[in-house]
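In: I would like the atomic coordinates for the input below:
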Amino acid sequence: MSLKMIFALIGIALVAFIGFGLYKASGLKSIQIIQTITIKGSKQEVFDMVKYLNNFPKWSPFLAQDPSQKYEVKGTDGTVGAQYHWHGNKGKDVGYQEIVAIDELSYVGMVCDIQKPFVAKPTFDYNFTETPNGIEVKQDFKLVSGTVDAFFMWMFGAKKEMEETNLQGLQLLKKAVEK
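Out: Take a look at the predicted model:
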């Protein structure tokens, strides 16, 4: 086999990989992950665990994954405009989340501003419903990204990791309230 043919085959394989990756990435340009968990506790207790950002370290999956993470709450905790800032992974993870909407005892909306290791602005909506088995917390995560970011998310399996991290957070929320 000639050197020219080897380079042609490598080129074809590379084009096929990129083409397939861009096709798969098109499905990741808009990600929505909805998960629910039922927690035994009062609606006020469960709601306050989410509404007050000073409680977030008790159930943050990111702090569980990086216990050396530094964080601080800015603004009036538990109100629209309050922010939870973090610096973790030796300065490689930087960002904040901000409460943008509250409907007392039923809804908290948050927007994240992630600056490192990548730039993203996902949203988290939390809905609280009383059921016979406890308080159901429904987390609705949304992330919109460009084609290049979506390609790398596909390449590194980021959606699965996001699903696992969000589920870990809900499980830690349940544990924090039910302790």
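In: any chance you could map the helices in the chain?
Out: 3-26, 43-51, 61-65, 147-156, 158-178 (DSSP state H).
In: Does anything pack onto the second one? Which helices or strands?
Out: Going back to what we said before, that points to helix 43-51. strand 107-116, strand 123-131, strand 134-144, helix 158-178 (3 or more Cβ pairs under 8 Å, 6 or more residues apart in numbering; DSSP states H and E). In this view, the C-beta of every residue, glycine as well, is placed from N, C-alpha and C.
In: Looking at the ones you listed, which one is packed in the most?
Out: strand 134-144 (a mean of 18; mean count of other Cβ atoms under 10 Å).
In: pLDDT below threshold where in the chain?
Out: 13, 15-30, 147-148, 150-157 (pLDDT under 70).
In: wait, what's in contact with Ser106?
Out: 47, 127-129 (Cβ atoms under 8 Å, 6 or more residues apart in numbering).
In: TSV for those, including distance to Lys58?
Out: As requested, those are exported to TSV (distance: Cβ to Cβ, whole Å):
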residue	distance to Lys58
Phe47	14
Asn127	20
Phe128	17
Thr129	22
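In: Going by distance to Met110, which of these wins?
Out: Asn127 (12.5 Å; Cβ to Cβ).
In: How about the closest one, nearest residue that isn't a chain neighbour?
Out: Lys138 (4.4 Å; Cβ to Cβ, 6 or more residues apart in numbering).
In: Show me the beta-bridge partners of the one you found.
Out: Applying DSSP bridges to Lys138 yields these beta-bridge partners: Thr36, Asn127.
In: Going forward, the N-terminal residue is numbered 34.
Out: Got it, first residue is 34 now, which makes that one Lys171.
In: Just confirm it contacts Thr162, I think it does.
Out: Yes - judged on Cβ atoms under 8 Å, Lys171 makes contact with Thr162 at a distance of 7.2 Å.
In: Fine, thanks again, bye for now.
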